[in-house]
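K.L.:
here is the input, now give the coordinates:
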Amino acid sequence: MTVPDRSALSRRDYCRALVAVGGATALSACISESEDVDVPTGTDDPDSLPERQHAWNESLSRDDDGNVSPPEHHVLVALSLSTEPSDDGREQVEDALRTLERAYEWSNEGLLFTIGYTPAYFERFEAELPESVDLPEPEPIVGAVEEFDEFDALLHLASDHSRVVLEAEEGLFGERDTLNGLEIVTDLTDVFERVEAHRRTGFVGEGLPAEHTDLRGVPDSIPDDAPFLMGFRSGFNESQATEDRVTIEAGPFADGTTEHVSSMRINLRQWFEQDNHWQRVAKLFSPEHADKELVGEVGKRLTDSTALSTARIEATEDDARSGVVGHAQKAARARDDGEPVLLRRDFNTVDGDEPGLHFLSLQEGIEEFVRVREAMEGEDLSSSLTHLNNGIRGYLSIDRRGSYLVPPRSMRALPPANPT
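P.N.:
Residues are numbered from 1 along each chain as shown. So this is what the prediction gives:
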């Protein structure tokens, strides 16, 4: 990909596009655009940071309703081992990641990140993963999936500043001498190679989706203040699992979690130009939300909750028999004693110049993701329910999926399958 034309884009959209391009040239252009941005430095004592890699919420900002606001820019860096795990390799990986923590504050204004490992990574060890870790081999759940993530690891970089995610990625792979003014002594180049074909990027933020109407498949009818491509807010506190809930509680990987990423394309033209606002609300939330106008133009009436009562969740089958059912009410059927089991950290994407979503969720075990995914499909509901009225199923096409173990911070560098 080439660097986009600066004259045709706002500064915000230009920086988003540079993240999607990636590489040293994009970083140079991004630095030129953000010279006035003061990025806070990290800690001299990385051991003071939380043992949980996924402990982000306390370091993120919140919106006016108290919901956690995700970082604006995201990069998923696919990694393949260039050497077998060794003590020297572990030391190199740990030193490189600690450089990030010293260079950038652990926050949305600095940098948040995790590194997770695929089942394919752990297959090289004679020992098996402990019973306390639920990380099965990838396989189809429902519908067709083109590819599974079978490289070794995935690095998730997130920040409100596009320069930071680009600089961190390039610095880890030998393309920078400094990170936020800190000299780089160790990087990942002797241990990992980037799998460029599976690099993924994205964004979250009010107004950002509407800035992409120049791309094919992105209609002009996206609301100007929508934070997600499908036009509505997401990530309400009430519908999100807590970080405690998604944390592995026992065994050698206690304080870790599992991560699932599904990359999908969205048929936005059909979503916005075939359906009216009532239909979009009914299919995304529930018919009751549409009838009672509970949502508003982009979801601001919902404040910190999806407003899904127990009665409405229990009425999912009745709604399906009536002809339309909501995505949110279907998924809520998989809650555990009324509590969500997934912590979503997904984000919009225009990778490949097409609108899409990288659905990223954290959960204690992958079985919980599978349970929610099956509930979202609604295969158990009325046979008379049409595909396009079954939540948002008819508007999404999944390209690839992957599952990962995100170890605790103290074991994040090339962990063995069973440290005991």
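K.L.:
list the contacts of the helix or strand encompassing Arg163.
P.N.:
Using DSSP states H and E, Arg163 sits in helix 162-172. Here helix 162-172 makes contact (Cβ atoms under 8 Å, 6 or more residues apart in numbering) with 15-16, 18-19, 22-24, 26-27, 30-31, 33-34, 37, 39, 72-75, 77, 96, 99-100, 103-104, 110-111, 113, 155, 157-159, 176, 178-180, 184, 187-188. Quick note: C-beta positions are derived from backbone N, CA and C, even for glycine.
K.L.:
what's the distance between that helix and the middle of its chain?
P.N.:
18 Å (Cα atoms, centre = their mean, to the nearest Å).
K.L.:
could we number from 357 for the rest of this?
P.N.:
Sure, I'll start numbering at 357, so the last one becomes helix 518-528.
K.L.:
rewinding a little: out of the contacts of helix 518-528, which end up buried?
P.N.:
Buried members of those, counted by 16 or more other Cβ atoms under 10 Å: 371-372, 374-375, 378-379, 382-383, 386, 389-390, 395, 428-431, 433, 452, 455-456, 459-460, 466-467, 469, 511, 513-515, 532, 535-536, 540, 543-544.
K.L.:
those residues in strands, which ones?
P.N.:
Using DSSP state E to define strands, the subset of the buried ones among the contacts of helix 518-528 located there is His429, His430, Val431, Val433, Phe469, Leu511, Leu513, Ala514, Ser515, Leu535.
K.L.:
among these, which one lies nearest to Ser753?
P.N.:
The shortest approach to Ser753 among those belongs to His430, at 20.5 Å (Cβ to Cβ).
K.L.:
so that closest one touches Phe703, yeah?
P.N.:
Yes. Taking contacts as Cβ atoms under 8 Å, His430 lies within contact range of Phe703: 4.8 Å.
K.L.:
hey, what's in contact with both of these two?
P.N.:
Common neighbours of His430 and Phe703, using Cβ under 8 Å, 6+ apart, are Gly558, Phe559, Val560, His714.
K.L.:
paired strands for the helix or strand harbouring the last one, with orientation please.
P.N.:
For His714, the host element (DSSP H and E) is strand 712-719. Using DSSP bridges, strand 712-719 pairs in its sheet with strand 613-622 (antiparallel), strand 699-700 (antiparallel), strand 703-705 (antiparallel).
K.L.:
which residues in this protein form strands?
P.N.:
Using DSSP E, strands in the chain cover 429-437, 468-473, 503-504, 509-515, 534-535, 538-539, 548-550, 556-559, 613-622, 699-700, 703-705, 712-719, 752-762.
K.L.:
any idea how far the longest one is from the middle of the chain?
P.N.:
When you say that, I think you mean strand 752-762. Per Cα atoms, centre = their mean, the centroid offset for strand 752-762 relative to its chain is 10 Å.
K.L.:
residues of that strand that come out buried?
P.N.:
Buried positions in strand 752-762, judged by neighbour count with 16+ other Cβ under 10 Å: Leu752, Ile754, Arg756, Arg757, Gly758, Ser759, Tyr760, Leu761, Val762.
K.L.:
dump those residues to a markdown table, plus pLDDT and distance to Ala566.
P.N.:
Converted to a markdown table, those look like this (pLDDT from 0 to 100; distance: Cβ to Cβ, whole Å):
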| residue | pLDDT | distance to Ala566 |
| --- | --- | --- |
| Leu752 | 94 | 20 |
| Ile754 | 92 | 25 |
| Arg756 | 93 | 27 |
| Arg757 | 94 | 28 |
| Gly758 | 96 | 30 |
| Ser759 | 97 | 33 |
| Tyr760 | 98 | 32 |
| Leu761 | 98 | 37 |
| Val762 | 98 | 33 |
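K.L.:
now the strand holding His714: mean pLDDT?
P.N.:
Mean pLDDT, strand 712-719: 97.
K.L.:
the top helix by length along the chain - contacts with which helices or strands?
P.N.:
As assigned by DSSP state H, the longest helix anywhere in the chain is helix 443-459. In terms of contacts (3 or more Cβ pairs under 8 Å, 6 or more residues apart in numbering; DSSP states H and E), helix 443-459 is packed against strand 468-473, helix 518-528, strand 534-535, strand 538-539.
K.L.:
what residues does that helix touch?
P.N.:
Counting by Cβ under 8 Å, 6+ apart, 397-400, 402, 405, 439, 467, 469, 471, 524, 527-528, 535-538, 540-544, 546-548, 768-770 sit against helix 443-459.
K.L.:
buried residues, it. List them.
P.N.:
Across helix 443-459, burial judged by 16+ other Cβ under 10 Å covers Gly445, Arg446, Gln448, Val449, Glu450, Ala452, Leu453, Arg454, Thr455, Leu456, Glu457, Ala459.
K.L.:
just the closest of those to Leu485, please.
P.N.:
Lowest distance from Leu485 to those (Cβ to Cβ) belongs to Arg446, with 17.7 Å.
K.L.:
quick one: the closest one and Val651, what's the gap?
P.N.:
Arg446 sits 49 Å away from Val651, going by Cβ to Cβ, to the nearest Å.
K.L.:
please look at Glu695 and Val602 and confirm they touch.
P.N.:
No. Counting by Cβ under 8 Å, Glu695 does not reach Val602; the two are 11.1 Å apart.
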